[in-house]
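Participant: Sequence first, then the predicted structure:
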Amino acid sequence: MKQYDYPKEFYVTLQNNDNLLGQIEVNRTNKGFNAEIAIVYKETKKIFKYVDQVFGAEDETEACDIGMMKLSRFLKSIK
């Protein structure tokens, strides 16, 4: 993948909430892959709640996987 193919945004449907989505935005840097994890409004994609970041993942898949784990942990912590 080339640098200009990034950032990439991935969205996760949240159970029991029709207005919000989980968002993982992956970006490539010269030190690997980073990801930002947030809860966003479904309609506007504006941030509702910032969750966490991932730094230095080896590839896009690893950044997404770690992002999903952090999003899952955050959602479990607010139940």
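Facilitator: Thanks, I have the structure now. Numbers count the residues shown, from 1 in each chain.
Participant: What's the separation between the residue nearest to the spatial centre of the chain and Gln15?
Facilitator: Computing the C-alpha centroid of the chain and ranking residues by C-alpha atoms, centre = their mean puts Ile24 first, at 1.4 Å. Distance check for Ile24 against Gln15: by C-beta to C-beta, to the nearest Å, it reads 17 Å. (Each C-beta comes from the backbone N, C-alpha and C, glycine too.)
Participant: Off-centre distance for the strand or helix carrying Cys64?
Facilitator: Assigned by DSSP states H and E, Cys64 belongs to helix 60-77. Chain-centre distance of helix 60-77: 7 Å, with C-alpha atoms, centre = their mean, to the nearest Å.
Participant: do stretch 33-53 as well
Facilitator: 6 Å.
Participant: go on, stretch 45-57?
Facilitator: That offset, for stretch 45-57, works out to 5 Å (C-alpha atoms, centre = their mean).
Participant: List the contacts of it.
Facilitator: The contact list for stretch 45-57 (C-beta atoms under 8 Å, 6 or more residues apart in numbering) reads 20-21, 23, 31-41, 63, 66-67, 70-71, 74.
Participant: Out of the residues you listed, list just those in strands.
Facilitator: Cross-referencing the contacts of stretch 45-57 against strands under DSSP state E gives 20-21, 23, 32-41.
Participant: Mind putting these into JSON lines with distance to Phe55, neighbour count and pLDDT?
Facilitator: Formatted as JSON lines, the ones in strands among the contacts of stretch 45-57 follow (distance: C-beta to C-beta, whole Å; neighbours: other C-beta atoms under 10 Å; pLDDT from 0 to 100):
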{"residue": "Leu20", "distance to Phe55": "25", "neighbour count": "15", "pLDDT": "97"}
{"residue": "Leu21", "distance to Phe55": "23", "neighbour count": "19", "pLDDT": "97"}
{"residue": "Gln23", "distance to Phe55": "17", "neighbour count": "22", "pLDDT": "98"}
{"residue": "Gly32", "distance to Phe55": "8", "neighbour count": "14", "pLDDT": "95"}
{"residue": "Phe33", "distance to Phe55": "9", "neighbour count": "23", "pLDDT": "96"}
{"residue": "Asn34", "distance to Phe55": "5", "neighbour count": "19", "pLDDT": "97"}
{"residue": "Ala35", "distance to Phe55": "8", "neighbour count": "27", "pLDDT": "98"}
{"residue": "Glu36", "distance to Phe55": "10", "neighbour count": "19", "pLDDT": "98"}
{"residue": "Ile37", "distance to Phe55": "12", "neighbour count": "22", "pLDDT": "98"}
{"residue": "Ala38", "distance to Phe55": "16", "neighbour count": "21", "pLDDT": "98"}
{"residue": "Ile39", "distance to Phe55": "20", "neighbour count": "20", "pLDDT": "98"}
{"residue": "Val40", "distance to Phe55": "21", "neighbour count": "20", "pLDDT": "98"}
{"residue": "Tyr41", "distance to Phe55": "26", "neighbour count": "13", "pLDDT": "98"}
